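Novice: Let me see the structure of the following:
(chains A and B)
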Protein chains: 2
Amino acid sequence: MTESPVSRPPLSPTPRSTVTRYRDRSATDRAALDAVLDAALLCHLGVVLHGAPVVLPTIFGRSGDTLYLHGSTGAGNLRAAMTGDVSVAVTVVDGLVYARSAMHFSMNYRSAVIHGRPVEVTDPDERLHALRTVVEHAAPGAWDTVRPPSRKELAATLVLSLDLTEASVKARSGGPGDDADDLDGPAWAGVLPLRQVWEPPIPSADLAAGIETPDHVLVRVPARAPVA
Amino acid sequence: MTESPVSRPPLSPTPRSTVTRYRDRSATDRAALDAVLDAALLCHLGVVLHGAPVVLPTIFGRSGDTLYLHGSTGAGNLRAAMTGDVSVAVTVVDGLVYARSAMHFSMNYRSAVIHGRPVEVTDPDERLHALRTVVEHAAPGAWDTVRPPSRKELAATLVLSLDLTEASVKARSGGPGDDADDLDGPAWAGVLPLRQVWEPPIPSADLAAGIETPDHVLVRVPARAPVA
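Specialist: Residues are numbered from 1 along each chain as shown, chains lettered A, B, ... in the order given. Prediction:
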């Protein structure tokens, strides 16, 4: 989640990554893209394997204008991602929009779709930086507390980088967009907001005695009164 | 979310939809597939457009062994889904797994990936059933309270059905799988569970006077004491 120190090139969506439906919901600035990526826990990676699409969920990290992916050197989808274009979708759902008519039900969301051709990261320092970025994306503050990857683990790991330029961002917020004729209908209309909440941590059954839950974990769990 | 009344055919994954990594995390029974689909709010639909993958988030519904998708008749990705194979990924994240070594960090999740060739639904009754299924998947209990689709809305809507047979399910739960040598390391290890929580409903600003929030909305919001 480090930022580039200098001015960053604008997003340059191509036709395939340009929002065509509900264009008023689209954004093309990098800050919007960063915000969506940083708010999401995982992405959905799409590749073409034997002529057909394959979509799989996977964790990722962002460092400046680069998206990092990793996986086993034996993973077919990652191998396909090195020899052909990919589409990476990142979606955060913020709520459900209840309308007065069936066809106006909607979601509030923030989403990003990135296209491009990932490249394998081979430089040892960048590989370690990428893996750190991925772990810190999911678990901020954790990397410096754990055993780093061993030589054997690194040899079994494929690291890919994807340039975050051919990308688009789309978001919806606010209430329903019912037709004027439906506004006096009998149905309730509004938004049911959705939030992802971390629950209290569950220590591993084999956790050594004396190891307290660290602040970088505790800080994620909202303070709550007991459920009534 | 209706169930077939008779015995249902087993899932028949092909090579592309067979879990190859961490096979012990895979399931092939329909009940597991149903549970993942019913727990998720949206899916990620992957198609091939001009030779490259495109992944987009979209809502969906399940009726027995059929997945329904819908969208504008002008949506390029839905048109592509009628002329080529698709991959539909449905993912529910249940928690983050903190390990004692960087490469053992993981997610707890339930996921399904479905492959196949969707077909356009043209029968008027099935089209309405499909749209009802999609709305009720997102907003159970809402369909019967709202204005149904008009003729004009139906004409602008493409409805696709995808057979839920070429599918696989994968899930991870439980604590970290650290190497034995790392168990006495200094890092905290355990699970930080993640839950999606509906927040109290926000009525539309233009809601007519006298319309109360209905039970089918209220029942989704957990009772909570105020945040301390």
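
Novice: And the helix or strand bottoming out on mean pLDDT in chain A, what does it pack against?
Specialist: When the helices and strands of chain A are scored by mean pLDDT, DSSP states H and E, strand A:26-27 comes last with a mean of 72. Packing contacts for strand A:26-27, counted by 3 or more C-beta pairs under 8 Å, 6 or more residues apart in numbering or on different chains; DSSP states H and E, involve strand A:167-172. From N, CA and C alone the C-beta is placed, and that goes for glycine too.

Novice: Which elements pack onto the strand it packs on?
Specialist: Counting by 3+ C-beta pairs under 8 Å, 6+ apart, the packing neighbours recorded for strand A:167-172 are strand A:26-27, helix A:30-39, strand A:106-116.

Novice: That strand vs strand A:106-116, what angle?
Specialist: Counting by axes from the mean of the first three to the mean of the last three C-alpha atoms, to 10 degrees, strand A:167-172 lies at 180 degrees to strand A:106-116.

Novice: and the angle from strand A:167-172 to helix A:30-39?
Specialist: In terms of direction (the same axes, to 10 degrees), strand A:167-172 departs from helix A:30-39 by 80 degrees.

Novice: Poorly predicted segments of chain A, please.
Specialist: Flagging of chain A using pLDDT under 70 yields the residue ranges A:1-7, A:9, A:13, A:15-24, A:224-228.

Novice: Tell me which residue is most central in it.
Specialist: Nearest to the mean C-alpha position of chain A, by C-alpha atoms, centre = their mean, lies A:Ala40 at 3.7 Å.

Novice: so what strands line up beside the least confident helix or strand of chain A?
Specialist: strand A:167-172 (antiparallel) (DSSP bridges).

Novice: next structured bit after the strand it pairs with?
Specialist: Moving toward the C-terminus from strand A:167-172, the next helix or strand (DSSP states H and E) is strand A:190-198.

Novice: pretty sure A:Met82 is in a helix, no?
Specialist: Yes: A:Met82: assigned to a helix according to DSSP: H, G, I helix; E, B strand; the rest coil.

Novice: Serialize the helices and strands packed on strand A:167-172 to CSV and add fields for mean neighbour count.
Specialist: Below are the helices and strands packed on strand A:167-172 laid out as CSV (neighbours: other C-beta atoms under 10 Å in any protein chain shown):
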stretch, mean neighbour count
strand A:26-27, 17
helix A:30-39, 18
strand A:106-116, 23
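
Novice: for the ones you listed, which one sits closest to A:Glu136?
Specialist: A:Glu136 lies closest to helix A:30-39 among those, at 11.0 Å (C-beta to C-beta).

Novice: Show the contacting residues for the residue in chain A sticking out farthest from the centre.
Specialist: Going by C-alpha atoms, centre = their mean, the residue of chain A most distant from its centre is A:Asp184, 39.1 Å out. Shown in contact with A:Asp184 (C-beta atoms under 8 Å, 6 or more residues apart in numbering or on different chains): B:Ala208.

Novice: Now do it against B:Met107, distance only.
Specialist: 46 Å (C-beta to C-beta, to the nearest Å).

Novice: Please name the nearest non-neighbouring residue to A:Ala167.
Specialist: Distances taken as C-beta to C-beta, 6 or more residues apart in numbering or on different chains put A:Ile114 closest to A:Ala167, at 4.3 Å, once the chain neighbours are dropped.

Novice: can you pull up the bridge partners for that neighbour?
Specialist: With DSSP bridges applied, A:Ile114 shows beta-bridge pairing to A:Val88, A:Ala167.

Novice: That one against A:Leu67, yeah?
Specialist: Yes: between A:Ile114 and A:Leu67 a contact is recorded at 6.4 Å, counting by C-beta atoms under 8 Å.

Novice: so what's in contact with these two at the same time?
Specialist: A:Val88, A:Leu162, A:Leu164.

Novice: which of the residues you listed lies closest to B:Leu56?
Specialist: A:Val88 (11.3 Å).

Novice: ok, now which ones touch that closest one?
Specialist: A:Val88 makes contact with A:Cys43, A:His44, A:Leu45, A:Gly46, A:Phe60, A:Leu67, A:Leu69, A:Val113, A:Ile114, A:His115, A:Leu162, B:Val55 under the criterion C-beta under 8 Å, 6+ apart.

Novice: before we move on, the earlier item: output the shared contacts of A:Ile114 and A:Leu67 in a markdown table; the columns should cover distance to B:Val121.
Specialist: Converted to a markdown table, the shared contacts of A:Ile114 and A:Leu67 look like this (distance: C-beta to C-beta, whole Å):
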| residue | distance to B:Val121 |
| --- | --- |
| A:Val88 | 30 |
| A:Leu162 | 36 |
| A:Leu164 | 37 |
